[in-house]
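Q: Need coordinates for the following:
(4 chains)
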Number of protein chains: 2
Amino acid sequence: MTEKAGTMNATAADRGREARRRLLEAAAELIAERGWAAVSTRMLAERAGVAPGVVHYHFSSVQALLTEAALAVMHDLVEQAGAGMERAHMPGEALGLMIDFLTAYDGRDPVSLLFAETYLAAGRDEDLRRSLGEVVTDFRRALAGRLAEHQVPAPDATAAVLAAAIDGIMLHRALGPGPDATDLTAVLRRLVAPTEPGPPATEQGDTP
Amino acid sequence: MTEKAGTMNATAADRGREARRRLLEAAAELIAERGWAAVSTRMLAERAGVAPGVVHYHFSSVQALLTEAALAVMHDLVEQAGAGMERAHMPGEALGLMIDFLTAYDGRDPVSLLFAETYLAAGRDEDLRRSLGEVVTDFRRALAGRLAEHQVPAPDATAAVLAAAIDGIMLHRALGPGPDATDLTAVLRRLVAPTEPGPPATEQGDTP
DNA sequence: GATCGTATTGGACGATTGCCCAAACTAGCA
DNA sequence: TGCTAGTTTGGGCAATCGTCCAATACGATC
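A: Numbers count the residues shown, from 1 in each chain, chains lettered A, B, ... in the order given. Below is the predicted model of the structure:
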């Protein structure tokens, strides 16, 4: 067993974990390149530089491999984004972070495509949907908490719209140029501006 | 030839067009249900109630069938949305139309899924990407024109963000409940309100 | 009747799919 | 030098894939 590490399985177990890691890496790449449903066992093996049989040795199925790989990438990114927001001290900064995302991920990069592919795959896989839902909820909660500190009204709904807008913009940008990122920034700023012209920044009830 | 219509090909050609139409219909359904890459020739034939060979008689390839079906649905929807905005006379109404979309398409319905699947498939098919880009651009242009009439600043960027937010919200809602639609509406209203984000009811120019 | 054009049928084709497995390999330990 | 446990190998398996095509059906025209 691996729990008895240190005895005899030094290089063997290490090589095994390395192969597993490379398979996860290859899966993340191929999901973005070919699409979730088009990733095959042999494709993964070739990209990872292992024999085809290794895939089903380390993972119960191709679906399981794809799921674990996608969730790992997304979890890492959300955690990284959360840490970034932790350092933001002004609402403009928090939004600036969003803008950084917009410039870093243009909708056709591997990360954006992995996100979108996983969203869709989640609609056809119960376990994946639940796990992915947690990731998105975590991100929204972190963002909403940050917005609330900066007196942005309706922080929950604002965070949801902001997160959705980011994803949607990435999706649309994959299709063509569209408006400039700085122009989009100015528009998004309307969402997080606690007070612009006259009214105070207090939490005003949105109930009519 | 078909240009000599009225001669002999009355019922034969009609049955052919009916089969073609049903194949397009089946394609739109199956893209949403199974995902773009998972739709197969025999699947399409069975759903449309025709023999497998008919697929490649009416279409040059499965890809071509999927592309034509997806573009037809999206083009229809955009046209319908454009007509709806044509009837809107107030910015609140135009936004209300967006909200109707949010309630009608919850991110897991066939139309939403078809949109998302087509977005991703476009990233791997040059022709599809170009055609889809035109559809999205048309929609954004119509929306921007409407926003400009209502003195919304930066109408182009606003339209882009608004359209992206709609798509993103649908995408996120597929994963779980999230905030209520009416709460999201209130937040989206900040985007199109040139004056204040508060009371919607009538269009009162408070502080420009 | 014969002839023609279009639409349909059902299967053949090679390629590829996910998954499986007996055998070979690699080390640490006695 | 066995022994054992974890890993890798390479191919086999049945199923499905997209595409193609000869044969057939059928109504319109002669």
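Q: close enough to count as contact, A:Ala142 and A:Gly84?
A: No - at 10.0 Å, A:Ala142 does not count as touching A:Gly84 under the criterion of Cβ atoms under 8 Å. C-beta: built from backbone N, CA, C; applies to glycine.
Q: Quick one: distance of the longest helix anywhere in chain A to the chain centre.
A: When chain A is parsed with DSSP state H, its longest helix is helix A:62-87. Helix A:62-87 has its C-alpha centroid displaced from the chain centroid by 6 Å (Cα atoms, centre = their mean, to the nearest Å).
Q: is that helix up against DNA strand C anywhere?
A: Yes - with Cβ under 7 Å from any atom of the strand as the criterion, DNA strand C is reached by helix A:62-87 at A:62-63.
Q: do stretch A:41-54 as well
A: Yes - using Cβ under 7 Å from any atom of the strand, stretch A:41-54 reaches DNA strand C at A:41-43, A:52-53.
Q: phi, psi of A:Val50?
A: Here is the backbone geometry of A:Val50 (degrees, to the nearest 10): phi -130, psi 170.
Q: In contact with the closest residue to it other than its chain neighbours, which residues?
A: Once flanking residues are discounted, A:Val50 sits nearest to A:Ala19: 5.2 Å by Cβ to Cβ, 6 or more residues apart in numbering or on different chains. Taking Cβ atoms under 8 Å, 6 or more residues apart in numbering or on different chains, we find A:Ala19 in contact with A:48, A:50, A:54, A:58.
Q: Can you tell me how far A:Ala157 is from chain B?
A: 4 Å (Cβ to the nearest Cβ, to the nearest Å).
Q: re earlier: mind checking pLDDT for the residue nearest to A:Val50?
A: If you check A:Ala19, the pLDDT there is 94.
Q: My read is that A:Cys161 contacts B:Leu184, right?
A: If you look again at residue A:161, you'll see it is Val, not Cys. Yes - with contact defined as Cβ under 8 Å, A:Val161 reaches B:Leu184; the gap is 5.8 Å.
Q: Between the two, which is the more surrounded one?
A: A:Val161 (29 against 25; other Cβ atoms under 10 Å in any protein chain shown).
Q: ok, the more buried one - contacts?
A: A:Val161 touches A:191, B:165, B:169, B:184, B:187-188, counting by Cβ under 8 Å, 6+ apart.
Q: I'd like to know which elements the longest helix of chain A is packed against.
A: Applying 3 or more Cβ pairs under 8 Å, 6 or more residues apart in numbering or on different chains; DSSP states H and E, we find helix A:62-87 packed against helix A:11-34, helix A:41-48, helix A:52-58, helix A:91-104, helix A:110-122, helix A:126-149.
Q: Determine which stretch of those helices is the most buried.
A: Using mean count of other Cβ atoms under 10 Å in any protein chain shown, the stretch among these with the largest mean neighbour count is helix A:110-122, at a mean of 23.
Q: near chain B at all, it?
A: Yes - residues of helix A:110-122 are located near chain B by Cβ under 8 Å from any Cβ of the partner chain, namely A:113, A:116-117, A:119-122.
Q: mind putting these in TSV, distance to DNA strand C included?
A: Listed next are these as TSV, based on distance: Cβ to the nearest atom of the strand, whole Å:
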residue	distance to DNA strand C
A:Leu113	18
A:Ala116	20
A:Glu117	14
A:Tyr119	20
A:Leu120	17
A:Ala121	13
A:Ala122	18
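Q: neighbours of A:Ala164, just the number please.
A: With other Cβ under 10 Å as criterion, A:Ala164 counts 26.
Q: Could you say which helix or strand holds the nearest residue to it once chain neighbours are set aside?
A: Nearest non-adjacent residue to A:Ala164, counting by Cβ to Cβ, 6+ apart: B:Gly168, 3.2 Å away. Per DSSP states H and E: B:Gly168 is located in helix B:155-173.
Q: By mean pLDDT, point me to the weakest helix or strand of chain A.
A: None of the helices or strands of chain A scores lower by mean pLDDT, DSSP states H and E than helix A:91-104, at a mean of 70.
Q: separation between A:Thr137 and B:Pro177?
A: According to Cβ to Cβ, to the nearest Å, A:Thr137 stands 10 Å off from B:Pro177.
Q: swap that for A:Leu147, sorry
A: For A:Leu147 relative to B:Pro177 (Cβ to Cβ), the value is 19 Å.
Q: For the residue in chain A that DNA strand D sits nearest to, report the pLDDT, please.
A: Nearest residue of chain A to DNA strand D: A:Gly53, at 2.1 Å (Cβ to the nearest atom of the strand). Looking at A:Gly53, its pLDDT is 96.
Q: Chain neighbours aside, what residue packs nearest to it?
A: Spatial nearest neighbour of A:Gly53, excluding adjacent residues (Cβ to Cβ, 6+ apart): A:Ala45 at 8.0 Å.
Q: list the contacts for the residue positioned nearest the centre of chain A?
A: Compute the mean C-alpha point of chain A, and by Cα atoms, centre = their mean the closest residue is A:Met74, 3.6 Å away. A:Met74 is in contact with A:114-115, A:118, A:132, A:135, counting by Cβ under 8 Å, 6+ apart.
Q: Output the residues you listed as CSV; include the columns pLDDT and distance to B:Val78.
A: Formatted as CSV, the contacts of A:Met74 follow (pLDDT from 0 to 100; distance: Cβ to Cβ, whole Å):
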residue, pLDDT, distance to B:Val78
A:Leu114, 93, 28
A:Phe115, 88, 24
A:Thr118, 93, 27
A:Leu132, 90, 29
A:Val135, 90, 31
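Q: Show me which of these is closest to B:Phe101.
A: Here the nearest of those to B:Phe101, counting by Cβ to Cβ, is A:Phe115; it sits at 22.1 Å.
Q: Quick one: residues contacting the closest one.
A: A:74, A:167, A:170.
Q: One more pass at 10 Å, please.
A: A:31-32, A:70, A:73-74, A:77, A:105, A:107, A:109, A:132, A:135-136, A:167, A:170-171, B:171 (Cβ atoms under 10 Å, 6 or more residues apart in numbering or on different chains).
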